[in-house]
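>>> sequence and predicted model, in that order:
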Amino acid sequence: MTAHDPVAGMAELLPDGVVVVGADRRIHFANAEALRILDCDAADLVGRGLSDGLPLTDKYGRDWWTHTDPWQGLPSRPGHREKLLVSPKGHDVLVTARYVRADGDHTVERVILGLRDAEDRQRAERDQASVLSTVAHELRAPLTSVTGFTSSLLRRWDRFTDEQKRLMIETIEADATRLTRLITELLDISRLDSDSLNLRLGPVDLHALLTTHVVRYELGRSTGTVELRLGDRAREHGLPPMWADTDRLEQIFFNLIENGLLHGAGKVTVTLDRGGALGDAPESVVVEVDDEGDGIPPSDREKIFGRFWHGPSNASTGLGLYVVRGLVEAHGGSVVVADSEVGGARFVVALPAGLPDVVGD
């Protein structure tokens, strides 16, 4: 095979590296991707013997071609599946092989090697391991608390005062709620990543929904911790009707308000207003959630919507904002973060307004 061979031209179009070895056990061809993966020039490979030009080793440091000689062994061997090997310059490479045999005696006439850079796969495996570690940590902490308090209550019920029992049961309830929320977020991430999230759409009164949220927060905190107000356009013209999933909207704004209370340093202000055009929708509803914290640096404003991203405090699971963006975009909306007027963070959620034609106004 030469550089001007039509087959070689096709090999150059492949996304994987291709190396062709002849019956003489010399390398006859290597496409550009193979040279990039191996970090070498064509002169370093083409024309050289396989063992000299491409001395791959396995994870035990053994010479790969001695360990699996394509020209030895059973004549029925078609090649070998993907193996993680080490290239001459120390890079991890994923290598597959196909043995092209003669019709008569089945001797190997050609060996075609497929090469892939292992860096992306190893990075994905590291990310997966990191996700598992994070999930295990987040689940273990509340589970430890729940099992510890329940065990104490069961074994020493008579030794605790009513006030101590109440405190322990409230802690169990809070940790159980945290576990439920974490599991729900993990399920939502799975659905978002697999495009299998189903929305139960219907008419929504967003002002009533947010008012309910504020009342709930004030029951557990001091009055004024969360403030809801209408924007100028909403006060003047009212809010347009919305067609959305009520439960998912509750989840979106619960996470945003909780994020502001957790990372902010004062009250959280939620502003509900009437927006302009949003994509194909004639109008939109805009919700701004402001806190009085330190704000979010511009360099981190896209990162915060990533999975398991933690700020300097490391005080959250890193799932909430990822779920927020996914749910907002599933409704056809958008969410961005900017600076609030008091210097903290401002999350701006824009959602399409209006009802389907079959429902009417």
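Great, that's in hand.

>>> and the gap between Y217 and T171?
20 Å (C-beta to C-beta, to the nearest Å). (Each C-beta comes from the backbone N, C-alpha and C, glycine too.)

>>> the more surrounded of these two?
Y217 (18 against 15; other C-beta atoms under 10 Å).

>>> so who does the more buried one touch?
T225, V226, I257, L261 (C-beta atoms under 8 Å, 6 or more residues apart in numbering).

>>> got the domain boundaries for the chain?
According to automatic domain parsing, the chain comprises the domains 6-117, 122-193, 202-352.

>>> just the pLDDT for R221.
As summarised for this prediction, R221 has a pLDDT of 58.

>>> ok, T317 next?
Listed pLDDT for T317 reads 59.

>>> from now on call the first residue 650
In the new count, where the first residue is 650, that last one comes out as T966.

>>> most packed of the domains of the chain?
domain 851-1001 (a mean of 17; mean count of other C-beta atoms under 10 Å).

>>> give me the distance between the two termini of that domain.
Chord length of domain 851-1001, first to last residue, is 13 Å (C-alpha to C-alpha, to the nearest Å).

>>> kindly report the same for stretch 751-763.
End-to-end distance (C-alpha to C-alpha), stretch 751-763: 21 Å.

>>> hmm, who's touching it?
With C-beta under 8 Å, 6+ apart, stretch 751-763 has contacts from 665-672, 683, 699, 703, 719-720, 724-725, 728, 744-750.

>>> could you redo the last one with a cut-off of 6 Å?
665, 668-670, 672, 719-720, 724, 745-750 (C-beta atoms under 6 Å, 6 or more residues apart in numbering).

>>> farthest pair within those?
Largest separation among the contacts of stretch 751-763 by C-beta to C-beta: D665 and P724, giving 26.7 Å.

>>> where does the closest residue to V669 other than its chain neighbours land in three-state SS?
Leaving aside its chain neighbours, V669 sits nearest to F678 (4.2 Å; criterion: C-beta to C-beta, 6 or more residues apart in numbering). With DSSP: H, G, I helix; E, B strand; the rest coil as the basis, the three-state label of F678 is strand.

>>> please apply the same query to T745.
strand.

>>> touching, it and K732? I think so.
No - using C-beta atoms under 6 Å, T745 makes no contact with K732, being 7.5 Å away.

>>> ok, L699 touching A672?
No - assessed by C-beta under 6 Å, L699 is found out of contact with A672, at 11.3 Å.

>>> G909: what's it in contact with?
Counting by C-beta under 6 Å, 6+ apart, G909 has contacts V917, V938, D940.

>>> tell me, what's the model's pLDDT at it?
86.

>>> do R950 as well
Per the predicted model, pLDDT is 83 at R950.

>>> relative to A857, how far out is it?
31 Å.

>>> remind me which residues of the protein are low pLDDT?
650-658, 773, 776-780, 783, 786-787, 867-873, 926-931, 957-967, 1007-1010 (pLDDT under 70).

>>> next, the residue in it sticking out farthest from the centre: phi, psi?
Residue farthest from the centre of the chain, counting by C-alpha atoms, centre = their mean, is G753 at 52.5 Å. For G753, the backbone dihedrals (degrees, to the nearest 10) come out as phi -80, psi -70.

>>> any idea how far it lies from P724?
With C-beta to C-beta as the criterion, G753 and P724 are 11 Å apart.

>>> now do S700
Counting by C-beta to C-beta, the gap from S700 to P724 is 22 Å.

>>> same check, this time on K814
On the measure of C-beta to C-beta, K814 and P724 end up 77 Å apart.

>>> now R675
Distance of R675 to P724, given as C-beta to C-beta: 22 Å.

>>> how about L905?
66 Å.

>>> need the contact list for the residue most central in space within the chain.
Compute the mean C-alpha point of the chain, and by C-alpha atoms, centre = their mean the closest residue is R956, 4.6 Å away. Contact analysis of R956 by C-beta under 6 Å, 6+ apart lists Y971.

>>> against R770, how distant is it?
19 Å.

>>> show me where the stretch 800-949 of the chain has its helices.
Under the criterion DSSP state H, counting those that start in this stretch, helices of the stretch 800-949 of the chain are mapped to 811-842, 855-869, 881-886, 895-912.

>>> for the spatially closest residue to D712 that is not a sequence neighbour, give its distance to A979.
Leaving aside its chain neighbours, D712 sits nearest to T706 (6.1 Å; criterion: C-beta to C-beta, 6+ apart). Distance, T706 to A979, using C-beta to C-beta: 48 Å.

>>> element containing V984, please.
strand 983-988 (DSSP states H and E).

>>> quick check: angle from that strand to helix 895-912?
Relative orientation of strand 983-988 versus helix 895-912 (axes from the mean of the first three to the mean of the last three C-alpha atoms, to 10 degrees): 20 degrees.

>>> starting at the chain centroid, how far to strand 983-988?
Mean-position distance between strand 983-988 and its chain equals 19 Å (C-alpha atoms, centre = their mean, to the nearest Å).

>>> for stretch 832-849, same thing?
12 Å.

>>> got the end-to-end distance for stretch 670-689?
17 Å.
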